[in-house]
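A.B. asks: Build me a structure from this.
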Amino acid sequence: GSQGDQGYPVPASDSNGLKCWYWMDLASLLPALALGIDKDDAVLDVCAAPGGKSLVLALELFGGKSVEGKGSLTLNEVEGSRRKRLARVIGEYLPKDLKLKSKVKLTAWDGTKLREHNTYDKILVDAPCSSERHVLKQQRSRPALTSTSSSAPVIDRWSPKGCKTFAKLQYGILKSALLCLKPRGRLVYSTCSISAIENDLVIDKVLEKFGSWVNVVKGSGFEDDMATLKQLGCEPTKHGWTMFPDKSKFGPIF
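C.D. replies: Here you go, the predicted model:
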């Protein structure tokens, strides 16, 4: 079959013209599944592009039955080119009646200034990060890579200072998103960073800010299946779990 941009076979389409599969890292499934979505949930994906996790959320929410239940899915992406890619993915994979009946909507909100307070049952914050995943992939595929071009490799652009800059943004998004949860709602915070500054330390800061109003869920949404996480090579951290390529073939993800 034909090959896509990353060397993977191009997904086939079904009789309705919808693509049949989406290529993604196994680790990327975990944050979406951790939400424990019910068909009647109002769900928000704050940083939704490129759309892989959004498709998992849609599958969990609508279960292929498209309009059963009261559930809704809001997919937000503030950056224009990424939002266009998200819209293309949604158009290629989700039935049109989901959008026509207001089940799925795309928004362009600033994640640090969300105003939909007390609105959602479940929220995914797959936050922008320093992207060590891309550093690792680039190093595995091009171990002797050097560059003097303006479009330098990710590894040349990575720095500890950058981690701290992202941590400030991540905290701002997470703080804003928490205000959009209904009482007893659930939020999953995720990054593809290996830096504790962008992971557990962001959670520490949020807990300090919100106090008893926010609780960390024991098991991070996998309370009944932690043995499976360990079997997959996941490791517990102070507040959550990580999946790193050294213990599994997937990730990194927090």
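
A.B. asks: and the longest helix anywhere in the chain, how far out from the chain's middle?
C.D. replies: Ordering each helix of the chain by length in residues (DSSP state H) puts helix 160-178 first. From the chain centre to the centre of helix 160-178 is a distance of 15 Å (CA atoms, centre = their mean, to the nearest Å).

A.B. asks: what does stretch 29-39 give?
C.D. replies: 11 Å.

A.B. asks: Pull up the distance across that stretch, start to finish.
C.D. replies: Distance between the two ends of stretch 29-39: 18 Å, counting by CA to CA, to the nearest Å.

A.B. asks: Show me what Ser190 bridges to in the sheet.
C.D. replies: Ser190 has these beta-bridge partners by DSSP bridges: Asp126.

A.B. asks: so what's it up against?
C.D. replies: Counting by CB atoms under 8 Å, 6 or more residues apart in numbering, Ser190 makes contact with 30-31, 124-127, 253-254. Where C-beta positions appear, they are placed from N, C-alpha and C, glycine not excepted.

A.B. asks: can you tell me which two in those residues are farthest apart?
C.D. replies: Leu30 and Ala127 (14.8 Å; CB to CB).

A.B. asks: wouldn't Cys180 be in contact with Ala42 here?
C.D. replies: No: assessed by CB atoms under 8 Å, Cys180 is found out of contact with Ala42, at 9.8 Å.

A.B. asks: what touches both of the two?
C.D. replies: Jointly contacting Cys180 and Ala42 under the rule CB under 8 Å, 6+ apart are 119-120.

A.B. asks: quick one: the most centrally placed residue in the chain from Val216, how far?
C.D. replies: When CA atoms, centre = their mean is applied to the chain, the residue found nearest the centroid is Asp126 (3.4 Å). Noted for Asp126: a distance of 18 Å to Val216, by CB to CB, to the nearest Å.

A.B. asks: same deal with Gly51?
C.D. replies: Separation of Gly51 from Val216 (CB to CB) stands at 28 Å.

A.B. asks: okay, those two: which has more neighbours?
C.D. replies: Neighbour tally, Gly51 and Val216, criterion other CB atoms under 10 Å: the higher count belongs to Gly51, 26 against 13.

A.B. asks: host element of the nearest residue to that one once chain neighbours are set aside?
C.D. replies: Excluding the flanking residues, the one nearest Gly51 by CB to CB, 6 or more residues apart in numbering is Val89, at 3.5 Å. Here Val89, judged by DSSP states H and E, is contained in helix 80-93.

A.B. asks: Kindly report the same for Lys70.
C.D. replies: Applying DSSP H and E, one finds Lys70 in no helix or strand.
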